[in-house]
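1. Got a predicted structure here, sequence first:
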Amino acid sequence: MPLSLPQPLAALRRPSPGVATAGTRHVSSQSLLAGARELVIQHQGGEYHLRLTRNDKLILTK
């Protein structure tokens, strides 16, 4: 009979949503912003603003 892991341990074996995998492209925030404090991303007819805060955090708003 195969050994099954307890539920919390079994969950560790599966990739979590949002976790990068081998096929995921990685881009640095410095590369995206290119020295600016804000970037506008166009997606499906809408505009999203990616801002770098004074505390060096990123905020994405619509």
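-> Perfect, I can see it now. Just so it is clear, the structure is predicted and the values come from calculations on it, not from any experiment.

2. remind me which residues of the protein are low pLDDT?
-> Residue ranges of the chain with pLDDT under 70: 1-20.

3. Please enumerate the strands of it.
-> Taking DSSP state E to define them, one finds strands in the chain at 38-43, 46-52, 58-61.

4. what comes into contact with the first one?
-> By C-beta atoms under 8 Å, 6 or more residues apart in numbering, the surrounding residues in contact with strand 38-43 are Leu32, Leu33, Glu47, Tyr48, His49, Leu50, Arg51, Leu52, Leu60. Heads up, the C-betas are built off the backbone N, CA and C, glycines and all.

5. Would you mind giving those as a markdown table with neighbour count and distance to Leu39 added?
-> A markdown table is the format used below for these (neighbours: other C-beta atoms under 10 Å; distance: C-beta to C-beta, whole Å):
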| residue | neighbour count | distance to Leu39 |
| --- | --- | --- |
| Leu32 | 13 | 6 |
| Leu33 | 15 | 6 |
| Glu47 | 10 | 11 |
| Tyr48 | 12 | 9 |
| His49 | 12 | 7 |
| Leu50 | 17 | 4 |
| Arg51 | 14 | 8 |
| Leu52 | 17 | 9 |
| Leu60 | 10 | 9 |
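
6. right, and the pair among these with maximum separation?
-> Taking every pair in the contacts of strand 38-43 and measuring C-beta to C-beta, the maximum separation is 17.1 Å, between Glu47 and Leu52.

7. wait, which of the strands of the chain is closest to His26?
-> strand 58-61 (14.7 Å).

8. got the contact list for that closest one?
-> By C-beta under 8 Å, 6+ apart, the residues outside strand 58-61 that reach it are Ser29, Ile41, Tyr48, His49, Leu50, Arg51, Leu52, Thr53.

9. switch to 10 Å and redo it
-> Here strand 58-61 makes contact (C-beta atoms under 10 Å, 6 or more residues apart in numbering) with 29, 32-33, 38-39, 41, 47-53.
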